[in-house]
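> Next come a sequence and a model predicted from it.
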Amino acid sequence: LGVNYEQLSSVAQRQKFLDTMNVILGNNTNVRAHIELIRPLPENQTEASLFF
């Protein structure tokens, strides 16, 4: 998943991102999003690997 670097630069923003992903997944307590990897890319982009 590619996102702007500012959206994942702080712990609070990462948690907000995960909360949003969990809402998209239906707030199912058995299926939760977790960030596995955050890697910087050119042009102020970031690659985030998620697992569920």
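Nice, thanks for sending it over. Bear in mind that the values here come from a model prediction, so they are computed numbers and not experimental data.
> Can you report phi and psi for Leu25?
Leu25 adopts backbone torsions of phi -80, psi 0, taken as degrees, to the nearest 10.
> Repeat that for Asn27.
The phi and psi values for Asn27, taken as degrees, to the nearest 10, are phi 50, psi 30.
> how far away is it from Glu6?
Going from Asn27 to Glu6 by CB to CB, to the nearest Å gives 26 Å. Bear in mind the C-beta positions are built from the backbone N, C-alpha and C, glycine included.
> same thing with Leu37?
Applying CB to CB, the value for Leu37 to Glu6 is 18 Å.
> Likewise for Ile38?
Using CB to CB, we find Ile38 at a distance of 13 Å from Glu6.
> Looking at the two, which is more packed in?
For Ile38 versus Glu6, the count of surrounding residues by other CB atoms under 10 Å is larger for Ile38: 14 against 10.
> Now do the SS call for the more buried one.
strand (DSSP: H, G, I helix; E, B strand; the rest coil).
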